[in-house]
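1. sequence isn't available, so here's the structure alone:
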Ligand SMILES: CC(C)(COP(=O)(O)OP(=O)(O)OC[C@H]1O[C@@H](n2cnc3c(N)ncnc32)[C@H](O)[C@@H]1OP(=O)(O)O)[C@@H](O)C(=O)NCCC(=O)NCCS
C-alpha cells in the first residue's frame, strides 16, 4: 500500500514493530518531526487496519492507531523499500498480543494460559500470495521467540487457515468456544497435563466410605522434568 508521503523516511527497516507510543524503531528527530512521524504511523495503521477489515468482511477494523495506543499489543509492518519509485510501500500488517485464555484440548481438558494471540493479519491484495505474509509472520515469530503452534488465532479466515497449513504444516485446528482456534502443540499437556488426584484425609472417620463424599479433588500439574516446567513458566504458558 502506497502513501502520500515517503514511507522509507518513516520506516527505516524492512520489518518494524510499533507499540502504543506509535514511534517507529530507530527514530531520530526533534519534537515537531516526532509529531509528524507519529501522525504518519497512525495513518499507515489506520489504512491497513481498515483494508484488513474490508478483506475479512468485518464491519469495524480490528486494528487502529487509537486501539493500539490503549493496548499492550504490537503491530508489525512489512516495508517494501523498492516500491513506488523508491519511496517505499507497506506490504503487510500483523497485530499480536498476549491474552489470558481458557482453552480445551481435544480430550476436553481445560487449561488457563496466557498465550501469544494473533488479532489481525493482512497483506494488500496486489501483494498476496507472493510470500509477504510468510516473511512478516516469520519475522514476528523470530522477534517474539515463539513457535507457530504456540499462537492462538482469533476468528481465522480460510486464507489464514490455508497459510498455516501450507507454511507450517498446521492442520485441523482445535476450535474454542469464543471463536478462536489453537493447534496441537499449543497445550502444555502434550508432555504436561492437569490430572485430578484424590487427596485423602488423615481423619479415620473421613476415610470411612461415608466420609468419602468429603474427599477433596486436588489438581496438580505433572511435568516430565524440571527443564520442561521452566520452559512453560518462562513462556508464560501456565498463566
Ligand atoms: C492471509 C494472508 C495474510 C496471507 O498473506 P500472503 O502474503 O498472501 O501469504 P504468502 O504469500 O506468504 O502465502 C500464500 C499462501 O497463503 C494462503 N492464501 C493466501 N491467500 C489465500 C486466498 N485468497 N485463499 C486461500 N488461501 C490463501 C495459501 O496457502 C497460499 O499459498 P498458495 O498461493 O500456494 O495457495 C493474506 O492472504 C491476506 O491478507 N488475506 C486477507 C485477510 C485475511 O484473511 N487475514 C487473516 C485474518 S485472520
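-> Here it is on my side, so go on. All values derive from a computational prediction rather than experimental measurement.
2. and residue 78, how many residues sit next to it?
-> Residue 78 is flanked by 23 other residues according to other Cβ atoms under 10 Å. All C-beta atoms are positioned from the backbone trio N, CA, C, and that covers glycine.
3. please tell me how far it sits from the ligand.
-> 9 Å (Cβ to the nearest ligand atom, to the nearest Å).
4. how about the contacts made by that residue?
-> 14-15, 90-93, 123, 132, 135-136, 139 (Cβ atoms under 8 Å, 6 or more residues apart in numbering).
5. residue ranges for the helices of the protein, please.
-> 7-10, 31-55, 65-69, 83-86, 132-144, 158-168, 204-207, 226-234 (DSSP state H).
6. and of these, who's closest to the ligand?
-> Comparing these against the ligand with Cβ to the nearest ligand atom, the closest turns out to be helix 132-144 (2.3 Å).
7. pull the number of nearby residues for residue 17.
-> Neighbour tally, residue 17, other Cβ under 10 Å: 17.
8. let me fix that, I meant to ask about residue 49.
-> Residue 49: 23 neighbours (other Cβ under 10 Å).
9. surely it is in contact with residue 90?
-> No. Counting by Cβ atoms under 8 Å, residue 49 sits too far from residue 90 to count as a contact (11.5 Å).
10. show me what from this protein comes close to the ligand.
-> Residues of the chain found near the ligand (Cβ under 6 Å from any ligand atom) are 52, 55-56, 121-123, 128-134, 156-160, 162-163, 166.
11. buried subset of those residues?
-> Among these, the ones that count as buried by 16 or more other Cβ atoms under 10 Å are 52, 56, 121-123, 132-133, 156, 159-160, 163.
12. tell me which residues of stretch 80-99 come out buried.
-> 80-81, 83, 87-96, 98-99.
13. out of the helices and strands in the protein, which is least certain?
-> One helix or strand of the chain scores below all others by mean pLDDT, DSSP states H and E: strand 216-222, with a mean of 35.
14. related to what we said a few turns ago, so for residue 181, which of the helices of the chain sits nearest?
-> Proximity to residue 181, assessed across those by Cβ to Cβ, is greatest for helix 158-168 (8.4 Å).
15. show the average pLDDT along the closest one.
-> Averaged across helix 158-168, the pLDDT comes to 97.
16. and that helix, what does it pack onto?
-> Secondary-structure packing of helix 158-168 (3 or more Cβ pairs under 8 Å, 6 or more residues apart in numbering; DSSP states H and E): helix 132-144.
17. what angle do the helix it packs on and helix 158-168 make?
-> Orientation check (axes from the mean of the first three to the mean of the last three Cα atoms, to 10 degrees): helix 132-144 against helix 158-168 gives 70 degrees.
18. buried stuff in helix 132-144?
-> So for helix 132-144, counting by 16+ other Cβ under 10 Å, buried means 132-133, 135-137, 139-141.
19. which other residues reach that helix?
-> In contact with helix 132-144 (Cβ under 8 Å, 6+ apart) are residues 15, 17, 76, 78, 80, 91-94, 96, 116, 121, 123, 147-148, 163, 167.
20. now, those that are in strands?
-> The members of these that map onto strands under DSSP state E are 15, 17, 76, 78, 80, 91-94, 96, 116, 121.
21. and the protein, what are its domain boundaries?
-> 7-190, 193-234 (automatic domain parsing).
22. so what's the residue count around residue 48?
-> Considering only other Cβ under 10 Å, residue 48 is surrounded by 26 other residues.
23. that one against residue 61, yeah?
-> No. Applying Cβ under 8 Å, one finds residue 48 not in contact with residue 61, separated by 9.0 Å.
24. who touches both of those two?
-> By Cβ under 8 Å, 6+ apart, no residue touches both residue 48 and residue 61.
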